[in-house]
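> I need the structure of the sequence given here:
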Amino acid sequence: MSQNALSRELALRIGLAARALPDTDAKRLLTVLGSCIAAPMTESKVAAIDLATLKNANHGTFAKVDDSVLQQALHILKNTAPQKILPDVQAYQEGDLPNSVRIACGSDDAIHVNGHFGACAWFMVYQVNSEEARLVDIRTAEIPQGLVVDDKNAFRAEQIQDCKVLYVASVGGPAAAKIVKLGIHPMKLAQVESLADIIAQLQQVMAATPPPWLAKAMGIAASDRFKFEREAVG
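Next up, the predicted model:
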């Protein structure tokens, strides 16, 4: 698989991880990774590689490399190293994506929806319709130094109040109530999933028969929303 087919962020992480390994460049590491996972190579697949798999891959290319060194490379590949790599934000103007909805995803690695609402590192904000998705913002809910906040959950919810849907790995009941109060629909996942998979699932729903609340968020006329309701009941 050519590096051109990788996302910019994954290609960058592979290059940085290669530097952490002895006598290894990005091409060599890419070959090893390609033997660990099935094509296409995605951020989520790379993030799932464990130490034993990397050590024994490609006929044991890294079999003699110290485990601590391999683990450091894995941290870079999984984007769990202290210095994380964030994807590029894409330009968006109102109306660019017809019948779209703005969503937020709680993430700790910019690859998966794996963050708790009250503690996630970032809210990855996407504008999504049935055919396209753009990362329009990356927001942190860190409280600015010197600012006194009485309700941390309310403060975090306010950072994404322009979004209609929030995907998180977990969220408490009181926090969820504050999210709903701002008109945001919270979605707690049963298991960790990649940002790409969550967006693809949402797009499938949008292209088929979106529930009335989602149809409304997409800007679909009330008469058409009634049609969705009848289809859902039938």
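
> where does this structure have its least confident helix or strand?
helix 222-233 (a mean of 52; mean pLDDT, DSSP states H and E).

> Provide the partner residues of the residue nearest to residue 140 when sequence neighbours are not counted in its beta bridges.
Closest residue to residue 140 apart from its sequence neighbours, by C-beta to C-beta, 6 or more residues apart in numbering: residue 122 at 5.8 Å. Where you see a C-beta, it was placed from the backbone N, CA and C, and this is true even at glycine. Beta bridges link residue 122 to residue 107 when assigned by DSSP bridges.

> in this structure, which ranges drop under the pLDDT threshold?
1-4, 221-234 (pLDDT under 70).

> what are the ranges of the strands in it?
Secondary structure of the chain (DSSP state E): strands at 101-107, 112-113, 122-128, 133-139, 165-168, 185-188, 193-194.

> so residue 120 touches residue 110, yeah?
No. Residue 120 is not in contact with residue 110 according to C-beta atoms under 8 Å; the separation is 10.8 Å.

> Domain-wise, how is the protein divided?
Following automatic domain parsing, one gets these domains for the chain: 3-78, 101-233.

> Now render those as JSON lines, adding mean neighbour count and distance to residue 89.
Output for the domains of the chain, formatted as JSON lines (neighbours: other C-beta atoms under 10 Å; distance: least, C-beta to C-beta, whole Å):
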{"stretch": "domain 3-78", "mean neighbour count": "16", "distance to residue 89": "12"}
{"stretch": "domain 101-233", "mean neighbour count": "17", "distance to residue 89": "6"}
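
> Which one, of those, ends up nearest to residue 90?
Of all the domains of the chain, domain 101-233 sits nearest to residue 90, with 4.3 Å by C-beta to C-beta.

> now the spatially most central residue of the chain, nearest residue through space, not along the chain?
Nearest to the geometric centre of the chain sits residue 195, at 3.1 Å (C-alpha atoms, centre = their mean). Leaving out its chain neighbours, the residue that sits closest to residue 195 by C-beta to C-beta, 6+ apart is residue 105, at 5.7 Å.

> Please tell me how far that neighbour sits from residue 186.
Distance check for residue 105 against residue 186: by C-beta to C-beta, to the nearest Å, it reads 12 Å.

> joint contacts of those two?
166, 168 (C-beta atoms under 8 Å, 6 or more residues apart in numbering).

> which residues in the protein form helices?
For the chain, the helices defined by DSSP state H cover 8-20, 26-36, 43-47, 51-60, 67-78, 152-158, 173-181, 195-207, 212-217, 222-233.

> Export those as CSV, with columns for distance to residue 136.
Formatted as CSV, these follow (distance: least, C-beta to C-beta, whole Å):
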stretch, distance to residue 136
helix 8-20, 16
helix 26-36, 30
helix 43-47, 19
helix 51-60, 34
helix 67-78, 25
helix 152-158, 18
helix 173-181, 19
helix 195-207, 13
helix 212-217, 16
helix 222-233, 25
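
> what about the ones you listed, which gets the closest to residue 167?
Once those are compared by C-beta to C-beta, helix 195-207 is nearest, at 5.5 Å.
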